[in-house]
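Asker: coords please:
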Amino acid sequence: MRFEAGLLRFEMVHLMVEVYMRLYRFDWNERLRIRIPVLESEWGQLESFEQLAIVEEWELIRGTIPDRIMEFEQIINRLQAQLFEEDNFEQSCILNYDIADYASRINDLHIWYRIDQQLELRGHS
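Answerer: Model prediction:
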């Protein structure tokens, strides 16, 4: 009987974890090279402990954003150096496109980096 009660408790906890895992997740975004939060319900509908878990996980991810930005800036610098030396117009257009793409990634990362500030403001409203 004691074993069955322990097993039942384990199954209930496992089921609760599965339910909560469906409410949110962090998907890998190859373009930005970070995991992005995906909420399956509105922020305000989440329990406070779920919000806390999301914020804690996001803080770990958010801490890597400056490294991604520096990585992309280095790529832009290399591409700009190539562009400076490039004589072929078509190749210059490709390099310009790539530079703009990485600049767009940096902009998107800056937006994601500020998400934490928005969450903190919501919590104080």
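Asker: centroid residue for this structure?
Answerer: Of all residues in the chain, the one closest to the mean position by C-alpha atoms, centre = their mean is residue 36, 2.7 Å from it.
Asker: list the contacts for that one?
Answerer: Residue 36 is in contact with 26, 27, 28, 29, 112, counting by C-beta atoms under 8 Å, 6 or more residues apart in numbering. (C-beta placed from N, C-alpha, C; glycine too.)
Asker: and it, which of the three is it?
Answerer: When classified by DSSP: H, G, I helix; E, B strand; the rest coil, residue 36 comes out as strand.
Asker: any idea how many residues pack against residue 77?
Answerer: Using other C-beta atoms under 10 Å, residue 77 is surrounded by 12 other residues.
Asker: give me phi/psi at it?
Answerer: Backbone geometry at residue 77, expressed as degrees, to the nearest 10, gives phi -60, psi -40.
Asker: so how far is residue 66 from it?
Answerer: 16 Å (C-beta to C-beta, to the nearest Å).
Asker: would you mind finding the longest helix in the chain?
Answerer: helix 89-124 (DSSP state H).
Asker: surely residue 28 touches residue 37?
Answerer: No - counting by C-beta atoms under 8 Å, residue 37 is not a contact partner of residue 28; they are 11.8 Å apart.
Asker: follow-up on the earlier one: mind listing what's buried in the longest helix of the chain?
Answerer: Neighbour counts over helix 89-124 (16 or more other C-beta atoms under 10 Å) mark 95, 98, 99, 102, 105, 106, 109, 112, 113, 115, 119 as buried.
Asker: show me where pLDDT drops low in the protein?
Answerer: 1-22, 116-125 (pLDDT under 70).
Asker: what is the residue nearest to the centre of the chain paired to in the beta sheet?
Answerer: residue 27 (DSSP bridges).
Asker: right, I'll call it a day here.
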